[in-house]
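Asks: everything below, folded, please.
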Amino acid sequence: MNRTAPSAAAMLEQLETYVRHESPTGDAARLDALGELLLARHRELGATVRRVSSPGGDHLVMEHPGSGAKVAAAPVLLLGHHDTVWPAGQLADGMPWRVDDGIAHGPGAYDMKGGLVVMETALELLHGREHPPVRVLVVADEEVGSPTATSLVRTCADGVVAALGFESPHPDGSLKSGRRGSTRLRIAVRGVEAHAALDPDAGVSAVDELVDQLILVRTIVSHAPGEVLCNVGTIGGGGRTNVVPASAWADVGLRFADAESERIVLDGLGSLGPIRSGATVTAEVLSRRPTWSASPSPLLTAVTAAAERVGQRIVGAPAAGGADTNTTGSLGVPTLDGFGPRGAGAHATHEQVVVESLPERAQLVAELIAAL
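Replies: Next up is the predicted model:
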């Protein structure tokens with residue numbers, strides 16, 4: 001059955017509103033201002049809403065009741081975020097909102113305010129249809145690994161029948177059926193300061209210790225059974241060339257293709273000890289998204305059937321990037337991501353959304369939720 005698609009013009013207008021409310025990660029005032037618009041929209045759609053306090057901007061939880069015979073069914077969880085990588089002022093300096101030849105441009109349009117519009121419109125399309133309850137979680141710090149939101153994601157995922165993520169799809173519109181694990185880790189070293197010429201033996205170089213620790217990190221990674229991507233992204237320490245440095249640190253980004261490699265590497269890094277007498281070494285996890293391994297999914301089968309009913313074709317494939325669906329997928333909750341609109345340029349100045357894909361995605365999501 002081919003149901004009527006929603007208005008692309010109305011969805012584009014809503015997207016423009018959200019894009020014009022710039023919302024950088026960590027800017028609590030701007031995030032909460034946009035959050036109020038999102039809460040108001042979900043109230044209009046019949047949800048009970050609440051804020052979950054966070055110093056960098058509140059997280060949002062919206063509970064939409066089910067209807068018909070499914071009113072008491074297990075809920076479906078919809079996952080999104082309203083923070084962006086772009087600083088305030090990006091609209092005025094290099095990325096103005098514009099629509100050219102069916103393509104909408106602007107900071108956060110693709111990642112992931114377009115997904116928020118798809119989510120809301122799908123819920124509107126469900127009015128008058130039988131469907132299970134829908135729980136919506138929109139977090140404020142996804143772009144930095146959800147350090148304050150991950151526990152809330154776990155709580156909201158408890159007892160749900162499925163979790164749908166509204167990040168961008170693969171370039172061809174395919175959904176994301178698995179994600180690499182992603183961990184940011186800081187290795188910090190304390191040494192002993194001393195004069196580098198007059199009393200070098202009294203010192204313990206934190207920089208030298210850090211260099212050797214990073215070589216050890218490479219060794220640990222090389223012993224993992226699966227592919228592990230390891231990037232030392234930031235490094236710092238010391239001060240003057242005539243002083244043995246007392247402190248040094250490095251931030252390491254890790255991506256894991258499988259859960260066993262993730263366990264082995266993180267256990268190894270967590271047990272790092274000093275090589276030099278007098279040095280101390282700590283390894284602190286800054287953020288972590290566990291591996292969500294791709295596997296045959298009845299949920300993807302349900303999506304394929306829903307897509308056929310609305311005249312679409314959908315497939316799924318694993319993805320490299322991390323998101324909050326890593327958490328739900330690793331918990332064993334049936335999970336798919338990429339329900340946002342088609343487009344390009346996440347985290348890039350050419351960020352854009354294909355306008356015609358907005359109503360297509362909303363129609364698909366509504367059909368899927370009604371079938372669950």
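Asks: domains of the protein?
Replies: 8-179+292-371, 181-289 (automatic domain parsing).
Asks: dump those domains to CSV, plus mean neighbour count and mean pLDDT.
Replies: In this view, the C-beta of every residue, glycine as well, is placed from N, C-alpha and C. Formatted as CSV, the domains of the chain follow (neighbours: other C-beta atoms under 10 Å; pLDDT from 0 to 100):
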stretch, mean neighbour count, mean pLDDT
domain 8-179+292-371, 20, 97
domain 181-289, 17, 96
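Asks: and the helix or strand encompassing residue 41, what does it pack onto?
Replies: Applying DSSP states H and E as the criterion places residue 41 in helix 28-44. When contacts are defined as 3 or more C-beta pairs under 8 Å, 6 or more residues apart in numbering; DSSP states H and E, helix 28-44 packs onto helix 8-20, strand 48-52, strand 59-64, helix 114-125, strand 134-139.
Asks: any chance of these in JSON lines, plus distance to residue 322?
Replies: Listed next are the helices and strands packed on helix 28-44 as JSON lines, based on distance: least, C-beta to C-beta, whole Å:
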{"stretch": "helix 8-20", "distance to residue 322": "23"}
{"stretch": "strand 48-52", "distance to residue 322": "21"}
{"stretch": "strand 59-64", "distance to residue 322": "18"}
{"stretch": "helix 114-125", "distance to residue 322": "16"}
{"stretch": "strand 134-139", "distance to residue 322": "13"}
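Asks: which one, of the ones you listed, ends up nearest to residue 366?
Replies: helix 114-125 (3.8 Å; C-beta to C-beta).
Asks: quick one: the helices in the stretch 151-300 of the chain?
Replies: 206-222, 259-270, 298-309 (DSSP state H, counting those that start in this stretch).
Asks: do you know which of those lies nearest residue 62?
Replies: Closest approach to residue 62 among these (C-beta to C-beta): helix 298-309, 21.5 Å.
Asks: now the element after that closest one, going C-ward?
Replies: strand 316-319.
Asks: how about residues contacting that next one?
Replies: 170, 174-180, 294, 297, 300, 303, 336-338 (C-beta atoms under 8 Å, 6 or more residues apart in numbering).
Asks: ok, these vs residue 247, which is closest?
Replies: residue 180 (31.6 Å).
Asks: distance of the closest one from residue 259?
Replies: For residue 180, the distance to residue 259 (C-beta to C-beta, to the nearest Å) stands at 11 Å.
Asks: what touches both of those two?
Replies: residue 291.
Asks: residues touching the most centrally placed residue in the chain, list them.
Replies: In the chain, the centroid-proximal residue (C-alpha atoms, centre = their mean) is residue 323; its distance is 2.7 Å. For residue 323, the contact set (C-beta under 8 Å, 6+ apart) comprises 79, 142, 165, 167, 179, 289, 337.
Asks: so the last one touches residue 179, yeah?
Replies: Right, residue 337. Yes - counting by C-beta atoms under 8 Å, residue 337 touches residue 179, with 7.1 Å between them.
Asks: common neighbours of those two, please.
Replies: What both residue 337 and residue 179 touch, as defined by C-beta under 8 Å, 6+ apart, is the set 319, 323, 325.
Asks: now distance to residue 246 too, for these, in a markdown table please.
Replies: What follows is these, written out as a markdown table (distance: C-beta to C-beta, whole Å):
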| residue | distance to residue 246 |
| --- | --- |
| 319 | 42 |
| 323 | 39 |
| 325 | 42 |
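Asks: and the closest residue to residue 323 other than its chain neighbours, how far from residue 319?
Replies: What sits nearest to residue 323 in space, not counting adjacent residues and going by C-beta to C-beta, 6 or more residues apart in numbering, is residue 167, at 5.1 Å. Look at residue 167 and residue 319: by C-beta to C-beta, they are 9 Å apart.
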